[in-house]
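J.: how would this look folded up:
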Amino acid sequence: MSPIRRYSATTFAALSVPNYRLYLYGQSVSLVGTWMQMAAQAWLVLTLTHSATTLGLIVALQTLPVLLLAPYGGLVADRVDKRKATIVAQSLMGLQALALGLLTVTHSVHVWEVGALAVVLGVNNAFEGPARQSFMLELVGGEHLRNAVSLNSTMVNVARVVGPGIGGLMIAAFGSGWCFLLNAVSFIAVISSLLRMDPSQLEPVTPTPRAKGQLRDGLRYVRSVPRLAVPLAMMAIVGCLTYEFQVSLPYMAQHGLHAGSAAYGFMTASMGLGAVISGLVVASRGRTGIRALVASCLAFGAAMVLATVAPTLIFELLALVLVGAASISFMSQANATIQLSAAPEMRGRVMSLWFVAFQGSTPVGGPIVGAVMGAYGARVGLGLGAAACFAAALAGALAVRRIRDRARTELTGEALLRSEDTVAA
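T.: Below is the predicted model:
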């Protein structure tokens, strides 16, 4: 086999699973629509209010249900058929996009309606996210999980390149409403792909029977496994203050760089381009574990520093390519580390905590970043994201050191016990 074919076979190994090919196709179409909606919603709120703080609050309303309900959503995912649960949730997401689109194209939309529909979407995400994330292992098995997670991340960021770019042009030409309507139509693809899967080729986990205290059991389990607790804590820090790009990028475009909606679309697309390149590299040779996660978190922080100080739009676009590359490396490594370390019967609850750390932290971080940017400028908000990355990397490095020291202490203790046993014998 030639080196190119060998590299391709390694990079796209999960595509050998027919059900995963269906899943990837459906998600790729739907996610283009999702990124269009995210860009259009942010621009719509800024157009209606001209306030970064209000934009942060809308994002918080969309993610607050994840913070409050995702742990229960994870428990539900452990109890039910994850594929069927994802189908129901995706259908409801399509209806939410349709409602927002109709309100916008009829010029009857108000900020409170955008906020109310954001809450509806957030409640849905709290149940859909854990089910979809934990379904991945059933879909591809442990052999291809790391590769599938990296390809998923790459797919998300291909959509990030295409979706906001199309969205920015459509906003300029037709208005935000048509982005929402096209997103509603895009859900047909993902629902169809899930319905067409061959259930006999899945590797379903036996549903967890109902019992008292299962949420507490999940939390205790995560605390007892450092390979789960440390990545989740790092993602909570970074998710809270760095991944607030729905707030920081449009405000940076308008007030930091004094550019329009098309520039905002290109900024988001630049991040996606870097993430696609990085995602393919991670898919072929990515690593898991806390040490690899610390290194990628440091790289993420360094890239955010460049985005903070970029003096012009061109330099900002180049910096955001690096931000996208570093962010996807960090996200993919954390996700794969957690999924591979979680017990099958706990995976829904564990991935719900991942979802809380990644998106559920936004109700706290979104308003903070929005308020900081409104008070001190767009660049200070991006700098806050860089500082969060460095803080998370430091916390991860200290955790690695504690784990190593504890292991040495235990080994030394075992050696002393063996020595005493030998003397006694």
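
J.: how about the nearest residue to Thr208 once chain neighbours are set aside, what does it touch?
T.: In this structure, Thr208 finds its nearest non-sequential neighbour in Asp78, 4.2 Å apart by C-beta to C-beta, 6 or more residues apart in numbering. In this view, the C-beta of every residue, glycine as well, is placed from N, C-alpha and C. Asp78 is in contact with Ser134, Val205, Pro207, Thr208, Gln214, Glu345, Met346, Arg347, Gly348, Arg349, counting by C-beta atoms under 8 Å, 6 or more residues apart in numbering.

J.: please redo it, this time with the cut-off set to 7 Å
T.: Pro207, Thr208, Glu345, Gly348, Arg349 (C-beta atoms under 7 Å, 6 or more residues apart in numbering).

J.: from what I can see the fourth one touches Tyr72, true?
T.: No. Contact between Gly348 and Tyr72 fails when scored by C-beta atoms under 7 Å: they sit 10.4 Å apart.

J.: Neighbour count: these two, which is higher?
T.: Gly348 (29 against 16; other C-beta atoms under 10 Å).

J.: Could you write out the alpha-carbon coordinates of the host helix or strand of that one in CSV?
T.: Remark: Gly348 resides in helix 347-355, with elements defined by DSSP states H and E. Extracted C-alpha coordinates of helix 347-355, given in CSV (Å, rounded to 0.1, in the frame of the first residue of the first chain):
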residue,chain,number,x,y,z
ARG,A,347,-21.2,6.7,29.5
GLY,A,348,-24.5,8.7,29.1
ARG,A,349,-24.0,10.4,32.5
VAL,A,350,-20.3,11.0,31.9
MET,A,351,-20.9,12.5,28.5
SER,A,352,-23.7,14.7,30.0
LEU,A,353,-21.0,16.2,32.3
TRP,A,354,-18.9,16.7,29.2
PHE,A,355,-21.8,18.6,27.6
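
J.: Low-confidence stretches in the stretch 51-200 of the chain?
T.: Within the stretch 51-200 of the chain, the stretches with pLDDT under 70 are 157, 160-161.

J.: Okay, helices next: where are they in it?
T.: 52-79, 82-105, 111-173, 177-195 (DSSP state H, counting those that start in this stretch).

J.: Next, the contact list for the closest residue to Leu181 other than its chain neighbours, please.
T.: Among residues not flanking Leu181 along the chain, Gly101 sits closest, at 3.7 Å (C-beta to C-beta, 6+ apart). Each residue near Gly101 by C-beta under 7 Å, 6+ apart is listed here: Gly177, Phe180, Leu181, Ala184.

J.: Next one: the residue most central in space within the chain from Gly129, what distance?
T.: Centroid-nearest residue in the chain: Phe358, 5.7 Å away (criterion: C-alpha atoms, centre = their mean). As defined by C-beta to C-beta, to the nearest Å, Phe358 lies at a distance of 9 Å from Gly129.
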